[in-house]
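Undergrad: sequence-free structure coming up:
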């Protein structure tokens with residue numbers, strides 16, 4: 001059996017190891033993809049620091065944001081649009097829901113399917129081994145829907161579309177139309193926040209206000225369409241931040257607030273929302289408590305998990321069609337080699353970069 005190199009978490013909070021991992025035989029319909037780029041996500045850092053749920057047993061190959069070219073497949077396959085796939089096609093691919101449970105078949109909410117399969121937390125000493133993206137190759141299960149990457153989209157940006165950006169697209173689907181008079185507040189200036197900033201601006205918001213830190217991330221926020229930014233490391237008082245939003249909205253508060261940082265920011269974000277506004281909660285991690293009596297009147301509260309296959313496609317097409325308006329590659333702030341994965345993880349954990357990419 002052939003092998004390839006991969007970045008493996010063998011112990012939480014310890015350096016990742018570059019190990020040789022078996023390349024499995026392909027099931028009918030499965031693909032083997034040679035990874036070109038894998039971006040890192042905050043979830044990768046959380047899994048490095050400690051398990052996220054019962055599914056995270058070690059060892060695992062880190063990473064769940066892959067872009068690569070098809071190396072091999074077992075049987076004819078088509079992409080999500082019905083186009084025949086071939087070796088050498090550059091692709092990303094969806095997670096897999098079971099398709100038959102209550103959430104999939106009745107509620108039509110596959111993102112909360114209890115049997116849903118995702119990547120970056122699967123044991124690499126069990127078949128099919130290669131279900132993490134910081135690896136020379138990755139196994140693509142037969143049930144995955146495949147999205148071809150347009151030539152106009154860089155591999156790094158396409159990899160980010162396989163998690164961060166498609167989650168944002170899912171959130172905007174749930175949010176609905178943004179009206180021309182509405183102000184959108186974005187809580188967070190990381191990859192999710194900066195992509196959400198661009199989408200809000202593109203979807204017609206009158207004004208987009210982005211809060212985050214450190215300063216170099218907020219410089220990217222401006223490039224992505226933020227009309228004004230606030231550095232939360234410099235403005236440390238929550239009341240001052242609320243007043244900043246009120247000053248931009250004739251004292252009402254934002255029409256829409258989107259949390260893309262941490263659950264700990266939700267309580268503060270709700271104070272920035274006007275009565276009757278919409279709150280979209282995307283960012284994971286962290287803990288917070290909401291006093292129900294303090295919530296705006298007649299507000300709408302939305303939460304998002306991951307995305308449906310169509311959101312992978314929407315994210316890639318947004319990158320391709322809006323490339324002349326937004327400098328998406330500026331969010332890929334530093335490139336690393338496989339052997340530098342620990343440096344990349346530490347940079348992500350310490351907010352030194354917006355989005356690191358491992359290039360192969």
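TA: Okay, I see it. What you see is a predicted model, and the numbers here were worked out from it, not measured in a lab.

Undergrad: The helix or strand where residue 313 lies - what's its average pLDDT?
TA: Under the assignment given by DSSP states H and E, the secondary-structure element containing residue 313 is helix 309-321. What helix 309-321 shows for mean pLDDT is 98.

Undergrad: And that helix, what's buried?
TA: For helix 309-321, burial by neighbour count (16 or more other C-beta atoms under 10 Å) applies to 309, 310, 311, 312, 313, 314, 315, 316, 318, 319, 320. Quick note: C-beta positions are derived from backbone N, CA and C, even for glycine.

Undergrad: check contacts around the last one.
TA: Yep, that's residue 320 we're talking about. 150, 152, 153 (C-beta atoms under 8 Å, 6 or more residues apart in numbering).

Undergrad: next one: phi and psi at residue 85?
TA: Backbone torsions of residue 85, given as degrees, to the nearest 10, read phi -90, psi 150.

Undergrad: What's the local residue count around it?
TA: With neighbours defined by other C-beta atoms under 10 Å, the count for residue 85 comes to 16.

Undergrad: which residues are in contact with stretch 99-108?
TA: Outside stretch 99-108, the residues touching it (C-beta under 8 Å, 6+ apart) are 97, 98, 109, 110, 112, 113, 114, 115.

Undergrad: who wins for most neighbours among the residues you listed?
TA: Tallying neighbours with other C-beta under 10 Å puts residue 97 at the head of those, with 23 neighbours.

Undergrad: Going by neighbour count, which residues in the worst-scoring helix or strand of the chain on mean pLDDT are buried?
TA: Ranked by mean pLDDT, DSSP states H and E, the weakest helix or strand in the chain is helix 42-49, scoring a mean of 90. Taking 16+ other C-beta under 10 Å as the neighbour-count basis, helix 42-49 is seen to contain the buried residues 42, 43, 44, 45, 46, 47, 48.

Undergrad: Residue 221: which of those residues is nearest?
TA: Sorting those by distance to residue 221 puts residue 42 at the head of the list, at 16.7 Å, by C-beta to C-beta.

Undergrad: Can you give me every residue that contacts the closest one?
TA: Residues counted as contacts of residue 42 (C-beta under 8 Å, 6+ apart) are 190, 284, 285, 348.

Undergrad: What average pLDDT does stretch 208-224 get?
TA: Stretch 208-224 comes out at a mean pLDDT of 96.

Undergrad: that older thread, next, format the buried residues of helix 309-321 as a markdown table and append distance to residue 119.
TA: As requested, the buried residues of helix 309-321 are exported to a markdown table (distance: C-beta to C-beta, whole Å):
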| residue | distance to residue 119 |
| --- | --- |
| 309 | 14 |
| 310 | 19 |
| 311 | 16 |
| 312 | 13 |
| 313 | 18 |
| 314 | 20 |
| 315 | 16 |
| 316 | 17 |
| 318 | 22 |
| 319 | 20 |
| 320 | 23 |
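
Undergrad: which one of the residues you listed is nearest residue 180?
TA: residue 318 (19.9 Å).

Undergrad: before we move on, back to that, which of the contacts of residue 320 has the largest number of neighbours?
TA: residue 153 (24 neighbours).
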